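Novice: A structural model of the following input is requested.
(one chain, ligands or ions: 2)
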Amino acid sequence: MSQDADYKLLVETDKGKPGGELLRRYWQPVALVSDLGKRPLSIMVMGEELVLFRDDKGKVGLVGRYCPHRSVDLSYGRIEDGGLRCLYHGWLFDVKGRCLEQPAEPVDSKYKDEIRHTAYPCREAAGTIFAYMGPGEAPLFPNFHFLSAPDAYVYQTKIHHACNYLQANEGNIDPAHLSFLHSFRKPLQERSEQAQKLQNVLIQNTRPKVGIERTRYGIRIFAKRAAEAGKNYVRVTNFVFPNLGFFAGDGGQRGTGGYSVHWHVPINDESHWRYDFYYHRSEPLDKADLDAKQNAEADATYHPHRTPENRYLQDPEEMEKFSFAGMGRNFPSHDLFAVQSPGAIHDRSREHLATTDIAIVAMRRMMLDAMKGLEEGKEPPLVIRSPNENVFNDIIVMGALLDETQDQNAYCEDIIRSGDFHAMKV
Ligand code: FES
Ligand SMILES: [Fe+2]
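Specialist: Ligands and ions are numbered 1, 2, ... in the order given. Now for the predicted structure:
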């Protein structure tokens with residue numbers, strides 16, 4: 001198959017497309033819990049028009065947007081009597097898509113039992129609603145540490161992206177850009193001395209040695225930069241199959257012991273929601289601070305203030321005096337610019353990939369192999385079916401100063417064996 005055909009496969013996520021079928025084999029975030037009030041919510045996920053609602057018993061349902069009777073929009077419906085009732089003729093649907101009532105049909109009609117509306121199972125975790133939109137039995141819900149953490153230790157938000165999900169996911173696993181896009185000319189006041197020291201390493205050593213290791217969950221990515229005498233600054237980032245990035249840093253919160261996750265969920269092929277989770281292993285996060293950062297960059301509907309129309313509010317004076325990009329201090333806003341600016345669907349035939357793009361190449365290969373496998377009836381990676389697979393102590397996320405003589409892979413293996421996650425200095 002040609003490279004162009006491969007690129008097409010990688011970005012298409014509608015139902016029936018190989019990429020769409022692949023993403024549908026996993027639990028995916030579809031809304032924040034706070035998005036869903038008393039009224040049904042119309043949403044689009046991977047090109048499917050859906051309605052999310054919470055029934056009068058508190059159960060969350062995700063069903064097709066158009067009523068199976070004569071296609072009236074169910075997002076205007078009434079929540080009552082254990083389901084969602086269509087406004088047109090009163091058909092009532094539960095969270096499983098069963099038709100409970102057809103009040104205009106004869107009393108003894110059994111027709112309602114023949115109707116099965118599109119419905120996907122939902123779960124709530126870490127302030128987020130997840131759905132399984134694939135065929136067959138849903139896999140186990142992934143037991144990532146941040147999804148089972150106490151509420152105080154995890155913060156969740158999202159930001160709208162006017163571009164395909166894959167190019168944003170590629171940004172997560174590109175460790176070279178830290179030395180440029182997110183760098184500052186002056187120390188940030190809120191940073192600790194150690195954090196500033198590490199930031200200086202990123203600025204002074206712009207040529208990381210990037211290495212990858214394929215794992216059962218995806219790809220572990222090492223970026224090594226020479227730091228002070230005898231030490232290397234090693235950052236370990238992860239591509240977690242099929243659309244997550246785990247990387248060091250907890251939104252500028254505690255400095256050590258936390259990490260962030262970006263989870264990119266297509267709305268359609270030209271836009272997506274990036275769900276962000278900030279997580280700390282042992283300390284509560286300052287959520288008011290994280291809220292303030294979010295509110296400074298996006299409106300109440302999670303759409304960013306910085307857009308192509310206002311040129312991402314880039315400030316030339318700031319570029320002179322403070323930051324490399326001139327787009328403020330919020331990393332997600334810098335990333336938004338970087339991943340949207342190639343266009344809604346990045347034309348990869350224009351690329352000239354370099355040595356630091358090794359993880360991107362490996363990720364695309366892994367996705368394409370999984371699509372092919374799926375067509376041949378093989379279960380893709382990380383579809384979790386047994387509790388012993390559902391333990392994620394092997395996702396090592398860190399940024400640490402290691403002795404030059406220390407082997408970075410062995411260092412990670414030691415952490416996995418010991419379960420001492422506090423050795424993952426961030
Ligand atoms: S269109 Fe929904 S009940 Fe008739
Ligand atoms: Fe970034």
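
Novice: Any idea how many residues pack against the closest residue to residue 160 other than its chain neighbours?
Specialist: Nearest-residue entry for residue 160: residue 303, 4.8 Å, with adjacent residues in sequence omitted and distances by Cβ to Cβ, 6 or more residues apart in numbering. Yep, even glycine has a C-beta here, placed from its N, CA and C like the rest. Residue 303 has 12 neighbours, counted by other Cβ atoms under 10 Å.

Novice: Can you report phi and psi for residue 303?
Specialist: As for residue 303, its main-chain torsions (degrees, to the nearest 10) stand at phi -100, psi 130.

Novice: Check the gap between the residue lying closest to residue 53 once chain neighbours are set aside and residue 396 for me.
Specialist: With Cβ to Cβ, 6+ apart as the criterion, residue 53 has its nearest non-adjacent residue at 4.0 Å, and that residue is residue 40. For residue 40, the distance to residue 396 (Cβ to Cβ, to the nearest Å) stands at 41 Å.

Novice: cool, residue 337 as well?
Specialist: 29 Å.

Novice: quick one: residue 130 is in a strand?
Specialist: Yes - judged by DSSP: H, G, I helix; E, B strand; the rest coil, residue 130 forms part of a strand.

Novice: Contact partners for it?
Specialist: With contact set as Cβ atoms under 8 Å, 6 or more residues apart in numbering, residue 130 has these partners: 27, 28, 29, 30, 122, 123, 124, 141.

Novice: Report the spatially nearest residue to the second one, omitting neighbours in sequence.
Specialist: Going back to what we said before, that points to residue 28. Spatial nearest neighbour of residue 28, chain neighbours left out: residue 265 (5.2 Å); criterion: Cβ to Cβ, 6+ apart.

Novice: picking that back up, and the residue nearest to residue 53, how many neighbours does it have?
Specialist: Residue 40 has 23 neighbours, counted by other Cβ under 10 Å.

Novice: got it, and residue 140?
Specialist: 14.

Novice: surely it meets residue 391?
Specialist: No - using Cβ atoms under 8 Å, residue 140 is not in contact with residue 391; the gap is 10.9 Å.

Novice: what's the span of stretch 10-19, first residue to last?
Specialist: The first and last residues of stretch 10-19 sit 6 Å apart, counting by Cα to Cα, to the nearest Å.

Novice: Using neighbour counts, pick out the buried residues of it.
Specialist: 10, 11, 12, 13, 17, 18, 19 (16 or more other Cβ atoms under 10 Å).

Novice: ok, now stretch 76-95?
Specialist: For stretch 76-95, the neighbour count (16+ other Cβ under 10 Å) marks 77, 79, 82-86, 88, 91-95 as buried.

Novice: For the residue nearest to residue 86 when sequence neighbours are not counted, list the residues it contacts.
Specialist: Closest residue in space to residue 86, ignoring its immediate chain neighbours: residue 67 at 4.4 Å, by Cβ to Cβ, 6+ apart. By Cβ under 8 Å, 6+ apart, residue 67 lies in contact with 73, 74, 86, 88, 91, 117.

Novice: Next one, pLDDT for residue 67 please.
Specialist: With respect to pLDDT, residue 67 has a value of 98.

Novice: Residue 248 too?
Specialist: 87.

Novice: correct me, but it touches residue 234?
Specialist: No - at 9.9 Å, residue 248 does not count as touching residue 234 under the criterion of Cβ under 8 Å.

Novice: tell me the SS of residue 370?
Specialist: Residue 370 is classified as helix under three-state DSSP.

Novice: neighbours around it, how many?
Specialist: Neighbours of residue 370 under the rule other Cβ under 10 Å: 22.

Novice: same question, residue 247
Specialist: By other Cβ under 10 Å, the residues close to residue 247 number 22.

Novice: which residues touch it?
Specialist: 172, 235, 237, 238, 259, 260, 262, 397.

Novice: wait, which of those is closest to residue 204?
Specialist: residue 235 (14.9 Å; Cβ to Cβ).

Novice: How about the secondary structure of the closest one?
Specialist: Relying on three-state DSSP, one would call residue 235 strand.
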